[in-house]
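K.L.:
Pasting the sequence and the predicted coordinates here, then a few questions.
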Amino acid sequence: MNMERDVQPTQPTRTERVQIFDTTLRDGEQSPGATLNSDEKTQIAEQLARLGVDVVEAGFPASSPDDFEAVRHISQTVGQAERQLPSGYNAPPAIAAMARANRRDIEICWEAIKGAQAPYLHIVLPTSDIHMKFKLGKTRDQVIDAAHRSVTQARALCDLVEFSPEDATRSDPGFLVDVLETAVTAGATTLNIPDTVGYAMPEEFGALIKRLRAHFSDRPDVLISVHCHNDLGVATANTLAGIVNGARRVEVTVNGIGERAGNACLEETVMALHTRRAMFHFETNIDRREIGRTSKLVSRLTGIPVQPNKAIVGSNAFSHESGIHQDGILKNRQTYEIMNAAELGLGKTQLVLGKHSGRSALRARLEGMGYSLDDRDLDDAFRAFKALADQHKTITEGHLHKICSTLSFAPREAAQ
Ligand code: KIV
Ligand code: ZN
């Protein structure tokens, strides 16, 4: 079956670029326990620049003097450094920081980012009834007024101003449009639509983005961006639905870290667009060879481990234990893999030996260790291996050497 043929094209066949706005250092850092110091934030920002993200959201400067310093430093260093990317987009990334829709936050934010070549001021203002009532204590009119004042103030300082109506997906759709129109009139250059509590499903989120893109069709210069949370496990799916329906910038994090269940995941989004490019027709500026290194650095510095079965970067993502799969992989890797770990800086495909493994994988491993066994010897080794595998979760090379020495098989080097 040709899978590409089965999918109804929703996009023109011309490949377009989607910008990657990385918020690992802002939303990601808001994950419980993930606090980073200024030096750690700078290390991650440098790696994000090497990875090829278009925008690094470095923090929330009004939240603490440390965060202000980190954002200021990243703006003056990473935000000024040319880079060498395979895509040829070598300008430094824009450096973004978040501010609430008030005068003081915006002033502090601007002071922190103004040293970057492309400073990017991100204003957030809640628009759902529940947030406006309980968090802000403001009426709809007061929120419209705050949107107008804050974006006007920000645009007087900064050329790139993003406006995010927080909890957009639970906001009254008519009111949401009113607030977004106000932000655009005041000069917002990007409208970012957050699914703040991870409530939306891909079809409805895509439909919302489509309606908004159509509503602002007379302003193609205003970019639509999406920012999805993973409370129901569909953040990346929602992000892709946003792209298909008109978003051209996506807010994502490395390893999908972020508030509660996290944000849409950078590497999942990038690899979905790349692996299924014949369907999506989008490309990014990301140097995919840097994905493994970036994931490991973020995990090490935030102290948040990557779950083994995490898509793309989990330790099991390119590992195979069952005999049927191992046999397929040994004959042709693409039988069970749709991406190549080595091209993502993630090492090699692993054949893990355990109780589900078969003879082909055992033979391949023993040959790799220097044992060349005929079929009868392999039968004996396989029986001993299966007996041991019933007692251990995985079988190591140490176990295999022991089996071979018990059966008096010697590796080639020792036999010479
Ligand atoms: O989830 C959210 O609503 C946010 C905004 C600040 C964009 O993180
Ligand atoms: Zn968020």
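P.N.:
In hand now; what should we look at? Ligands and ions are numbered 1, 2, ... in the order given.
K.L.:
ok, which residues in the protein are in contact with ligand 1?
P.N.:
Within reach of ligand 1 by C-beta under 6 Å from any ligand atom, the chain has these residues: 27, 98, 124, 164, 166, 192, 194, 196, 227, 229. In this view, the C-beta of every residue, glycine as well, is placed from N, C-alpha and C.
K.L.:
Flag the shaky bits of the stretch 301-416 of the chain, pLDDT-wise.
P.N.:
The stretch 301-416 of the chain contains residues with pLDDT under 70 at 413-416.
K.L.:
any idea how far the residue in it that ligand 1 sits nearest to is from Gly262?
P.N.:
Nearest residue of the stretch 301-416 of the chain to ligand 1 (C-beta to the nearest ligand atom) works out as Thr302 at 16.9 Å. Plainly put, Thr302 is 12 Å away from Gly262 if you go by C-beta to C-beta, to the nearest Å.
K.L.:
just to revisit the earlier point, number of residues surrounding the residue of the stretch 301-416 of the chain closest to ligand 1?
P.N.:
Using other C-beta atoms under 10 Å, the number of residues around Thr302 comes to 22.
K.L.:
List the residues that contact it.
P.N.:
Shown in contact with Thr302 (C-beta atoms under 8 Å, 6 or more residues apart in numbering): 28-29, 31, 33-34, 36, 257.
K.L.:
Show me which of these is closest to ligand 1.
P.N.:
Gly28 (10.3 Å).
K.L.:
Report the residue ranges of every domain in this structure.
P.N.:
Here the domain parsing of the chain from automatic domain parsing is 16-302, 319-415.
K.L.:
Which of those has the lowest mean pLDDT?
P.N.:
Lowest mean pLDDT within these: domain 319-415, at a mean of 94.
K.L.:
what distance separates that one from the middle of the whole chain?
P.N.:
33 Å (C-alpha atoms, centre = their mean, to the nearest Å).
K.L.:
re earlier: list the residues that are in contact with both of Thr302 and Gly262.
P.N.:
Each of Ser31 lies in contact with both Thr302 and Gly262 under the rule C-beta under 8 Å, 6+ apart.
K.L.:
Helices along the stretch 151-300 of the chain, start to end?
P.N.:
Using DSSP state H, counting those that start in this stretch, the helices of the stretch 151-300 of the chain run over 173-186, 202-215, 235-244, 266-275, 277-280, 291-302.
K.L.:
Can you tell me which of the ones you listed is packed in deepest?
P.N.:
helix 235-244 (a mean of 26; mean count of other C-beta atoms under 10 Å).
K.L.:
And for that one, what's in contact with it?
P.N.:
With C-beta under 8 Å, 6+ apart, helix 235-244 has contacts from 10-11, 18, 193, 195, 198, 200-203, 205-206, 209, 224, 226, 228-230, 247, 250, 252, 256, 261-265, 268-269, 272-273, 280, 282.
K.L.:
Report the distance from it to the chain centre.
P.N.:
Offset of helix 235-244 from its chain centre (C-alpha atoms, centre = their mean): 12 Å.
K.L.:
Now do it and helix 266-275, the angle between them.
P.N.:
Between helix 235-244 and helix 266-275, the angle comes out at 50 degrees (axes from the mean of the first three to the mean of the last three C-alpha atoms, to 10 degrees).
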